[in-house]
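# Provide a 3D model corresponding to the input given below.
(one chain, ligands or ions: 2)
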Amino acid sequence: MPIKSLIRTIAHYPREGIMFRDITTLLKDPTGLRTTIDQITERYRSEKINKVVGIESRGFIIAAPVAYALGAGFVPVRKPGKLPADTIGCDYQLEYGRDRIEIHVDAIEKNDRVLLIDDLIATGGTMEAAIKLIEEMNGTVIECCLVVDLPTIGGSKRLQQQGHKLFSLCRYDD
Ligand SMILES: O=P(O)(O)OC[C@H]1O[C@H](OP(=O)(O)OP(=O)(O)O)[C@H](O)[C@@H]1O
Ligand SMILES: Nc1ncnc2[nH]cnc12
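Numbers count the residues shown, from 1 in each chain. Ligands and ions are numbered 1, 2, ... in the order given. Purely as a prediction, here's the structure:
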């Protein structure tokens, strides 16, 4: 079953002009959810990943079961003020606004082999900020993994041009 066929598009949400790619319809489908997690897990099975970093909030839903299946740890990257211990943070630009993400300073150790997961890449601002935080802690980002790439917005290309590896399960070219 193609994953893309289970993702719903909501026009003009949360703002006029945004085509919102809604993965809740994929997540509620038992085969869709299992296929999503299994496809990602299989790709990284022999990569010796020891930390899976998930980006709040939709990224958590994908990253945690992948971490479990790979036998890796799960690390949350969160919106400001949500993490209780000492954090480092990075500001970034969204397709529909500005934001900031944070991670615990002790979440990543030197030489950790990190798989970075989010549900979707648009401008790439969120993913780029997360990569910066992981690299600041001397972790190695093995690959950035997304369910959805919106290549027309340019984020995935920009990150690839910076030398980062990116993999997505599906893309929207419109
Ligand atoms: O490539 P970008 O332009 O940075 O956009 C992608 C980010 O935007 C969405 O998150 P959002 O901030 O809407 O938060 P949510 O997951 O909590 O809904 C999405 O889940 C990605 O994290
Ligand atoms: N078009 C979009 N659909 C869903 N999530 C998003 N995050 C940023 N842009 C988005």
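
# would you state the strands of this protein in chain order?
Along the chain, the stretches classed as strands by DSSP state E are 8-11, 19-22, 51-55, 73-77, 87-94, 97-104, 113-121, 140-149, 166-171.

# neighbouring strands - and their directions - for the longest one?
Strand 140-149 has its sheet partners listed here by DSSP bridges as strand 113-121 (parallel), strand 166-171 (parallel).

# how about the ones you listed in a markdown table, adding mean neighbour count, distance to ligand 1 and mean pLDDT?
No exception for glycine: its C-beta is placed from N, CA and C like everyone else's. Formatted as a markdown table, these follow (neighbours: other Cβ atoms under 10 Å; distance: least, Cβ to the nearest ligand atom, whole Å; pLDDT from 0 to 100):
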| stretch | mean neighbour count | distance to ligand 1 | mean pLDDT |
| --- | --- | --- | --- |
| strand 113-121 | 25 | 5 | 98 |
| strand 166-171 | 17 | 11 | 98 |
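
# residues in contact with R43?
For R43, the contact set (Cβ atoms under 8 Å, 6 or more residues apart in numbering) comprises 145, 167.

# give me the pLDDT value at it.
Listed pLDDT for R43 reads 98.

# repeat for the one 5 residues further on
pLDDT for K48: 98.

# format the strands of the chain as a markdown table; extra columns: distance to P2.
Below are those laid out as a markdown table (distance: least, Cβ to Cβ, whole Å):
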| stretch | distance to P2 |
| --- | --- |
| strand 8-11 | 14 |
| strand 19-22 | 14 |
| strand 51-55 | 24 |
| strand 73-77 | 27 |
| strand 87-94 | 28 |
| strand 97-104 | 31 |
| strand 113-121 | 17 |
| strand 140-149 | 12 |
| strand 166-171 | 8 |
